[in-house]
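# Build me a structure from this.
(chains A and B)
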2 protein chains.
Amino acid sequence: MFSSEPTTPKRERTRAHLVDVALRSFRERGYDETTIRLIASEAGVSTGNAYYHFPTKNHLVQELYLEVQGEHRAAAAAGLASTDDLVERLRVVYHAGIDTLAPFHAFAPGFLSAAMSPRSPINPLSSDSEPARDIAVATFREAVAGAKKGFPAEFGDQIPDLLLLAYLLLALFWVYDKSPGQQRTHRLIDRGLALLKLGLPLARTPMLRAPLREFFDMMAEVRA
Amino acid sequence: MFSSEPTTPKRERTRAHLVDVALRSFRERGYDETTIRLIASEAGVSTGNAYYHFPTKNHLVQELYLEVQGEHRAAAAAGLASTDDLVERLRVVYHAGIDTLAPFHAFAPGFLSAAMSPRSPINPLSSDSEPARDIAVATFREAVAGAKKGFPAEFGDQIPDLLLLAYLLLALFWVYDKSPGQQRTHRLIDRGLALLKLGLPLARTPMLRAPLREFFDMMAEVRA
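Okay, the predicted model is just below:
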């Protein structure tokens, strides 16, 4: 009686349909104007049934996150297949990520306000957001793993998380970026990578060993 | 008839009293629960009169910002008078800044949600926030200017703004910091300064000239 019921195809179809309608609504109306009541009505599903599948709007946002991270990964695939240079692979992943976010730029301030509180379940660092975050980290891990020559081995473990952190700060910058097509954000990616390209050969010099160790210790503090 | 009337002492007193009551309310109730109506009632002022002085809650928040930045500057003064070492002076200013924010930590998520949108008038980077921001930049400029040996001259102009940007990111970290007394934020300050201390002597070496130039070009893009 209390065992979980088998998932029926009909129930799955309803859920998938609600997700489709919700994703379109997030793209067209943004976060603030999207409500479960509205999604239910547009999907031709009773409000009660919609709430059964998605108890809160945040559950729908997590679907959006999964969709966007999946799109990001797919958008980066061709570029990643074309180069084994570390900096170029990161260039592919960062630009593809910002391109994937483009349709949401007009509504980004509403999303940001809702997601920014550390208590928000749609905060990208929340436990609810972990499945979407895992996809993003995997994308960065893949970018690094497929490089002919990677980061110095002693930094290896922390790198994908740090690349994600840089991506989240970049996305924050992107929300504020009013330039046409958010070209400043894309320029910032290229500037950051130019810096990395200059810095990578130096990372192995004895002179920079202590400062780099200190930098990674500092970032470990940020991630803790 | 349309000329601005002379400021009467009574009007000034009412305004100052409203500010006092509002600042206490922000400290005790946080951003979300503070309303102009409530402030008016607690100050014994008519709602209309309160709205005359502060048309929106955001005007009261700007008073809070000015107060907090002024407190920060005052809190750093003794420490700044005691050392002319650049890294130690920055240590004084960063720790004093986070200490000044301490009473607001419990309510910081509400403030953050309200302030984070680029459209928010209480965003620290908004034009409304410029007077408070100017005080903060002046505090950092003073920390740098009073150092026996400062940053390499070619970076001079950008430094105070970059120190403020680092401070805003630090404050963002602080909002998320659940450790007792936000000790992780204070440790992060010390880690960042240890990195600066190691890096400063290297900043003058030819090997690092190009990467540092690239870093400052990147940060110029962030600030533009």
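
# okay, CA-based contacts and neighbour counts for the rest of this
OK.

# ok, and for the helix or strand of chain A with the lowest mean pLDDT, which residues are buried?
The weakest-scoring helix or strand in chain A, judged by mean pLDDT, DSSP states H and E, is helix A:206-223 (a mean of 81). For helix A:206-223, the neighbour count (16 or more other C-alpha atoms under 10 Å in any protein chain shown) marks A:208, A:211-212, A:214-219, A:222 as buried.

# Reformat the residues you listed as a markdown table; add distance to B:E154.
Shown next, in a markdown table, are these (distance: C-alpha to C-alpha, whole Å):
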| residue | distance to B:E154 |
| --- | --- |
| A:L208 | 22 |
| A:P211 | 22 |
| A:L212 | 23 |
| A:E214 | 25 |
| A:F215 | 23 |
| A:F216 | 27 |
| A:D217 | 29 |
| A:M218 | 26 |
| A:M219 | 27 |
| A:V222 | 30 |
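
# So A:D190 sits against A:V93, correct?
No - the pair A:D190 / A:V93 is not scored as a contact, 11.8 Å apart, by C-alpha atoms under 8 Å.

# Which one of these two is surrounded by more residues?
Comparing A:D190 with A:V93 by neighbour count (other C-alpha atoms under 10 Å in any protein chain shown), the higher total belongs to A:V93, at 24 against 19.

# List the residues that contact that one.
Neighbouring residues of A:V93 by C-alpha atoms under 8 Å, 6 or more residues apart in numbering or on different chains: A:72-73, A:76, A:80, A:139-140, A:143.

# Could you rerun that using 6 Å?
Residues near A:V93 by C-alpha atoms under 6 Å, 6 or more residues apart in numbering or on different chains: A:A76.

# ok, and it, which helix or strand is that part of?
helix A:86-101 (DSSP states H and E).

# returning to that earlier point: the buried residues of helix A:206-223 also near chain B: which ones?
With C-alpha under 6 Å from any C-alpha of the partner chain as the criterion, these include A:211, A:214, A:218 near chain B.

# Go through those and say which is closest to A:L18.
Top of the list for closeness to A:L18, among those and by C-alpha to C-alpha, is A:M218 at 43.2 Å.

# unless I'm mixing things up, that closest one is touching B:R191, no?
Yes - using C-alpha atoms under 6 Å, A:M218 makes contact with B:R191 at a distance of 5.4 Å.

# And the pLDDT for A:F155?
A:F155 is assigned 76 on the pLDDT scale.

# can you pull out the helices in chain A?
Along chain A, counting by DSSP state H, helices occupy A:9-33, A:36-43, A:47-53, A:57-81, A:86-101, A:108-115, A:130-145, A:159-176, A:183-202, A:206-223.

# Which positions in chain A make contact with chain B?
A:109, A:113, A:116-118, A:176, A:191, A:195, A:198, A:211, A:214, A:218.

# could you flag which of those residues are buried?
Among the residues of chain A next to chain B, those classed as buried by 16+ other C-alpha under 10 Å are A:109, A:113, A:116-118, A:176, A:191, A:195, A:198, A:211, A:214, A:218.
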